[in-house]
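> Would you be able to build a 3D model of this:
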Amino acid sequence: MALTRAGRTVAGVGPAVRERRVTLASMPCVPKPTANGHGPAPTLRAVPDPAGSAPPAALPPGAEGAGVAADLFRQALGRHAAGVVIVTLRGADGPAGLTVTSFSSASLDPPLVSFYISHSSSNWPAVSAAGHFAVNIMGHDQDGLAARFARKGEDRFARPTRWHSGPAGLPLLEGATTHLICTVHSRVTVGDHDLVVGQVTEALFGETEAAPLLHHQGRFARLQPGQE
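Sure thing, here's the model as predicted:
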């Protein structure tokens, strides 16, 4: 497959391949390790350091706790292609939402998902107080909607945005490939962001199963299936 921006190929991802649907039921199970192929796996025990072993090398002065420069950090992470979702919720002043590229599954049992939100985001007060939220997974042709929910000062739910109220009164964006209805499970402060973890209580699927919308090198992109 290849990533495309505005109809042109920008990064090859190996030779052309045939798309194949994979489900959890079709994935092989991995057996637990055994000793010599028989019996239970051996128990691992801590072994004390031998006498006279050399101590670990010390970090250079000032290196401990140092981080890469912010601009270099953003440039490096820009090379990672991420899926695009829009998180929506009901705030004190009405519907709220934001475009998110940090969305991820977190657990299968219980079913948990997560995303990060900056403390400087205009949506942070609403997200920090919410008990429920919805994840709207974007299709490849919804880059305009994703850009709208990423802009500051935008009335994101005004026309031409199409949406309706779903379970728990959550605003659901029409045209999304999937809606995940979530109850907030936990929040953790990580640097200048909050990690929000939600337990998925419902999964609603769109009428079509479109290819996903991606974000790469600071722009929206899409997958282009290779041709044989």
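
> Contacts for stretch 109-116 next, please.
With CB atoms under 8 Å, 6 or more residues apart in numbering as the test, stretch 109-116 has contacts from 85, 87, 100, 102-106, 135, 180, 182, 185, 190, 193-200. All C-beta spots, glycine's among them, are computed from the backbone N, C-alpha and C.

> And the helices in the chain, which stretches?
Assigned by DSSP state H, the chain shows helices spanning 70-77, 124-129, 143-148.

> Format these as TSV; extra columns: distance to residue 118 and mean neighbour count.
Output for the helices of the chain, formatted as TSV (distance: least, CB to CB, whole Å; neighbours: other CB atoms under 10 Å):
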stretch	distance to residue 118	mean neighbour count
helix 70-77	13	10
helix 124-129	7	16
helix 143-148	17	18
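
> mind putting those helices in TSV, mean pLDDT and distance to residue 216 included?
Below are these laid out as TSV (pLDDT from 0 to 100; distance: least, CB to CB, whole Å):
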stretch	mean pLDDT	distance to residue 216
helix 70-77	84	11
helix 124-129	93	25
helix 143-148	96	12
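
> Out of those helices, which is closest to residue 168?
Ranking the helices of the chain by proximity to residue 168 (CB to CB) places helix 124-129 first, at 14.5 Å.

> Just the buried residues of the contacts of stretch 109-116.
The neighbour count (16 or more other CB atoms under 10 Å) marks 85, 87, 100, 103, 106, 135, 180, 182, 185, 193-200 as buried among the contacts of stretch 109-116.

> Take those and keep only those in strands.
Residues of these located in strands (DSSP state E): 85, 87, 100, 106, 135, 180, 182, 185, 193-200.

> tell me which of these is nearest to residue 126?
Of all these, residue 126 sits closest to residue 87, with 10.3 Å by CB to CB.

> what are the ranges of the strands in the protein?
2-5, 8-12, 82-83, 85-91, 94-100, 104-107, 112-118, 132-137, 163-165, 171-173, 178-190, 193-205, 213-216, 219-224.

> partners of residue 97 in the sheet?
Legend: beta-bridge partners of residue 97 under DSSP bridges are residue 88.

> Enumerate every residue touching it.
Residue 97 touches 86-89, 123, 149, 156-157, 171, 173, counting by CB under 8 Å, 6+ apart.

> Can you give me the pLDDT of it?
What the model reports for residue 97 is a pLDDT of 96.

> Residue 192 now?
The model reports residue 192 with a pLDDT of 92.

> now swap in residue 119 and tell me
Per-residue confidence (pLDDT) for residue 119: 94.

> how many other residues sit next to the closest residue to it other than its chain neighbours?
Leaving aside its sequence neighbours, residue 119 sits nearest to residue 192 (CB to CB, 6 or more residues apart in numbering; 5.5 Å). Residue 192 is flanked by 9 other residues according to other CB atoms under 10 Å.
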